[in-house]
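Novice: Got a predicted model here, sequence first, then my questions.
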Amino acid sequence: MLRCDSDTPSSTFFHYGKNYHPSKWAPDILSTDSFKHIAGIIGSVRAMKVMTKRKKFALVAAVLGVSLLTGCFAGVFGFWEPSVDPWNLEPLSQYFTRGQCQGSGDVRFTAAPADPADLSHIFPLGLMTGAHVTPVDHQYYYWASLDVPLDTYTVHSPADGVVVQVDFMRDDYRVIIEHSCDVFTIWIHLEELVGALAHLDGTLSSNRSAFERILISAGEIIAYDGGTAGFDFSVHDDRVILPGFVNPLSYVVEPWKVHTVDPYDYFDEPVRSRLLTKNVRQVDPLGGKLDHDVHGALMGNWFVENTNGYAGNSDITGTVAPDQQVGYWSTHLAVAPDPIDPRAIFVSLGSYDGRTAQYAIGNLNPHPALVTVESGLVKYELVGSQYIIASTDEPWFGITRTAAPDIFVRVYPQHVEGTVLFQFLDDKRLKVEVFPGLMADQVNGFTEEAKIYER
């Protein structure tokens, strides 16, 4: 059994370049009280608007920058239970429906958002890629094939509800469904609206919205899709405030984010089990996790001081492309686990040599969850990494449209892409500087280019 005792050698947990099969390590780790304690501690739509659907999904699928996290921090769980709101956050019922919603309490999903037979795989919450510098609040449903007509695949409402908002985002649609005053689903990158939504298809100009109350039933088709990579899906429960956000007020520009829950917790059987056959994450929470802040420690999300938290600087604009990414996300920073293999730790940077970047930490000593004011200056090398299918020892890219139950991360500490320095000024402010292209022994300390981050 793995232990997290302070005298346990770090080599017990750091196995760079070696194979990890999730089914081999997860059950033993989950049985340890120490792991449960640490996991409890660890416990964007606007970016999509400037990306085409093909570019966004290609970028998501191509992400390889991940890192290995220690065995005792693997899993990084959250529990989706009703929460007390000390922040006085605006209710989602008011934000989405202007107080017109109906019903409250639990909602059960009896239909799949898409037929699992039509899917290649489902990617979990928590991905960091491109302009998604902090872990994302949605899953990615990938279609089995790109080479099919538009109306090949159908998208369905998982439960009875009311469509309260439809947005046209340059070349596809975003749909918000109220299932009660507490529970909402959000869909992004739907190609053609049909059925009860058909009258809106083709009527909205770019970045325009329709606010109606359109009744739909569980299993009802709301869109056709095909010839594209897939769509985004997320579930938000206003009764839940994620504990891994130290300051939920930093996310008021996207208020649903702090209420994001594991979608699988809301599906009835046998729908849940059928969807899980396409799920590429094999540790709880199976749907993924996006909140990783540790109060007073490095782990989690950070924002450049005085830049409005997640909202960023309103005067920063730009487009998303592999070679140039500038926007409100440029002031974001995250130090967080990989969404498939949560032993992996990313440093995700909104500004790295004029672009966004996500790299693995080459040596998790000290572990980011343990870096505090007392740690002083901490230096990490940022290195290359790759998803690997354990059973075949072959790379997994996602874009190849295959699901696999044994995906892990292989980190290459010899492939150094740069170095990052962290130092706490106090338990709420963090000094950060990145040095692209330099190894740790080439970096002596901060320069005048360092920035201060906060939560």
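Specialist: Good, I have the coordinates.

Novice: May I have the beta-bridge partners of Asp232?
Specialist: Residues in a beta bridge with Asp232, per DSSP bridges, are Tyr140, Ile188.

Novice: if I read this right, it contacts Tyr142, doesn't it?
Specialist: No: here Asp232 does not reach Tyr142: they are 10.7 Å apart, not a contact under Cβ atoms under 8 Å. All C-beta spots, glycine's among them, are computed from the backbone N, C-alpha and C.

Novice: So for the two, which residue has more residues nearby?
Specialist: Per other Cβ atoms under 10 Å, whichever of Asp232 and Tyr142 has more neighbours is Tyr142, with 28 against 23.

Novice: Would you verify that the more buried one is located in a strand?
Specialist: Yes: using DSSP: H, G, I helix; E, B strand; the rest coil, the assignment for Tyr142 is a strand.

Novice: wait, isn't it in contact with Asp118?
Specialist: No: between Tyr142 and Asp118 there is no contact under Cβ under 8 Å: 9.9 Å.

Novice: Tell me where this protein is predicted with low confidence.
Specialist: Residue ranges of the chain with pLDDT under 70: 1-84, 314-325, 399-401.

Novice: The top strand by length along it pairs with which strands, and in what direction?
Specialist: Ordering each strand of the chain by length in residues (DSSP state E) puts strand 407-426 first. The pairing partners recorded for strand 407-426 under DSSP bridges are strand 378-389 (antiparallel), strand 429-436 (antiparallel).

Novice: Format the ones you listed as JSON lines; extra columns: distance to Lys451.
Specialist: JSON lines is the format used below for the strands paired with strand 407-426 (distance: least, Cβ to Cβ, whole Å):
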{"stretch": "strand 378-389", "distance to Lys451": "16"}
{"stretch": "strand 429-436", "distance to Lys451": "6"}
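
Novice: Can you tell me which of those strands is packed in deepest?
Specialist: strand 378-389 (a mean of 21; mean count of other Cβ atoms under 10 Å).

Novice: what lines up beside the following helix or strand past that strand in the sheet?
Specialist: Later in the chain than strand 378-389, the nearest helix or strand by DSSP states H and E is strand 394-395. Looking at strand 394-395 with DSSP bridges, its partner strands are strand 378-389 (antiparallel).

Novice: just to revisit the earlier point, can you tell me which of the strands paired with strand 407-426 is nearest to Asp160?
Specialist: When those are compared by Cβ to Cβ, strand 378-389 sits nearest Asp160, at 37.8 Å.

Novice: Grab the CA positions of that closest one and hand them over as CSV.
Specialist: Written as CSV, here are the backbone C-alpha positions of strand 378-389 (Å, rounded to 0.1, in the frame of the first residue of the first chain):
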residue,chain,number,x,y,z
VAL,A,378,11.0,27.1,-5.9
LYS,A,379,12.4,26.2,-9.3
TYR,A,380,10.8,23.7,-11.8
GLU,A,381,12.0,22.6,-15.2
LEU,A,382,9.2,22.5,-17.8
VAL,A,383,9.5,19.3,-19.9
GLY,A,384,7.9,17.3,-22.6
SER,A,385,5.4,14.5,-22.1
GLN,A,386,3.1,12.2,-23.9
TYR,A,387,-0.1,10.1,-23.4
ILE,A,388,0.7,6.4,-23.8
ILE,A,389,-1.6,3.3,-24.1
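
Novice: What about Trp302, how many residues nearby?
Specialist: By other Cβ under 10 Å, the residues close to Trp302 number 27.

Novice: could you list every residue that touches it?
Specialist: By Cβ atoms under 8 Å, 6 or more residues apart in numbering, the residues touching Trp302 are His332, Leu333, Ala334, Val335, Leu430, Val432, Tyr453, Glu454, Arg455.

Novice: what about the spatially most central residue of the chain, distance to Tyr453?
Specialist: For the chain, the residue nearest the mean C-alpha position is Gly126 (2.0 Å; Cα atoms, centre = their mean). Distance, Gly126 to Tyr453, by Cβ to Cβ, to the nearest Å: 20 Å.

Novice: What of Asp293?
Specialist: Computed as Cβ to Cβ, the Asp293 to Tyr453 distance reads 12 Å.

Novice: Neighbour count: these two, which is higher?
Specialist: For Asp293 versus Tyr453, the count of surrounding residues by other Cβ under 10 Å is larger for Asp293: 25 against 20.

Novice: Who are the contact partners of Asp232?
Specialist: Contact partners of Asp232, counting by Cβ under 8 Å, 6+ apart, are Met48, His138, Gln139, Tyr140, Tyr141, Ile186, Trp187, Ile188, His189.
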